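**Q** No letters, just coordinates:
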């Protein structure tokens, strides 16, 4: 039998057609810009996870759906349909209810092992999108559900979600201001410090395993760090006379910039993880505090009153060249560089109160995000650069809040008792 010979020109033409089809398929995939000002929220239904194989408690599938729904809503662009409208079932008049997507999820529990699988149903096109499957032990149930949530967020936006992140903060629930940690959904609160004295300014290392903070328990403003993978030991980073405040870790986590006042006025110093001073960055130029690095580590933004009032400046780390960014308002402070690199969030004084702002890294396109009475302070970015957590103070009470970088989606976080302040968002685990 003779083999069929395909002419070279035809062969290459077929290859080009195939590549064209693949390229077109990828090109047609459009992700949502969830920070767009005119974005309509995506309406999503999350029915109870169905059980496969061995009978599982009836409530288990519902609990997983409830957790998944909370995690999806956290991201700010999803409007969750109340399960009561469809009885938690997977079959309903989704189009009639205005639903865009339905999470079709199932699980299998067998001898302590757990499998969870979820896919998105595109209601308009009546087709299932690519799904994800996770296996582990029954004790890992919540973690697997949150992993699924982050994968579904990636289906919408092209970037994994932030459902498994945490927030460190200061709380006075014990009678003293100590450092606490909670998962981003506020399901449980963990006390990190037990100094029984004032603690401030928690800061995560880039890997999320360590948390640095300043405490006054020895009578001085000292800098400490603790390994979050244990709950017993904390060690000092810097106990020099005077201020030892608010470390800004370099992106590689090997060094940090700290405010020290050991030589007089508060200045910025670069220090290693053992507390050794490597370099002085500012000198005889007023009070210099609150450093924050750009994602590439080439620049940092900080606060200085060298112009007689607190304003924001950037420094190029290679040349130490300093540039002033803010000129409006009598006071600007607490800058934090976005993880995506294009924005800086900060607080500015407006009519005697602090409000929350964002601007580009050149100090232009300044936008006020917060409004209303009270003080809005201590911004911290989510690791995807789309949300900002901060402290709102009013009537002697302080809460942790959340807002999108477009100024939408304001929410108060966490039901915990006590006043909460100085939030710091963790990296993704």
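**A** Everything's here; your move. Worth saying up front: this structure is predicted, and the values here are computed from it rather than measured.
**Q** State the distance from the spatially most central residue of the chain to residue 409.
**A** Ranked by distance to the mean C-alpha position of the chain (CA atoms, centre = their mean), the top residue is residue 382 at 2.0 Å. Between residue 382 and residue 409 the distance, using CB to CB, to the nearest Å, works out to 12 Å. Where you see a C-beta, it was placed from the backbone N, CA and C, and this is true even at glycine.
**Q** do residue 199 as well
**A** Distance check for residue 199 against residue 409: by CB to CB, it reads 30 Å.
**Q** Which one's more surrounded, those two?
**A** Each of residue 199 and residue 409 has its neighbours counted (other CB atoms under 10 Å); residue 199 has more, 24 against 17.
**Q** burial count for residue 371?
**A** 12.
**Q** Not counting sequence-adjacent ones, nearest residue to it?
**A** Leaving aside its sequence neighbours, residue 371 sits nearest to residue 355 (CB to CB, 6 or more residues apart in numbering; 7.2 Å).
**Q** The one you found: what secondary structure?
**A** Secondary structure for residue 355, judged by DSSP: H, G, I helix; E, B strand; the rest coil, is strand.
**Q** What is the burial count for it?
**A** Other residues within reach of residue 355, judged by other CB under 10 Å, total 20.
**Q** can you check residue 122 too?
**A** Residue neighbour count, defined by other CB under 10 Å, stands at 13 for residue 122.
**Q** From residue 155, how far off is it?
**A** The gap separating residue 122 from residue 155 is 10 Å, by CB to CB.
**Q** Overlap in contacts, those two.
**A** Both residue 122 and residue 155 are in contact with residue 129, where contact means CB atoms under 8 Å, 6 or more residues apart in numbering.
**Q** what's near enough to touch residue 369?
**A** By CB under 8 Å, 6+ apart, the residues touching residue 369 are 345, 355, 356, 357, 358, 388, 403, 405, 407.
**Q** which strand residues sit across from residue 105 in the sheet?
**A** Beta-bridge partners of residue 105, counted by DSSP bridges, are residue 118.
**Q** Check what pLDDT it gets.
**A** If you check residue 105, the pLDDT there is 97.
**Q** What is the burial count for it?
**A** Residue neighbour count, defined by other CB under 10 Å, stands at 25 for residue 105.
**Q** you'd agree it is up against residue 67?
**A** No: at 11.1 Å, residue 105 does not count as touching residue 67 under the criterion of CB atoms under 8 Å.
**Q** Spell out which residues are contacts of both of these two.
**A** Taking CB under 8 Å, 6+ apart as the contact criterion, residue 105 and residue 67 have no common neighbours.
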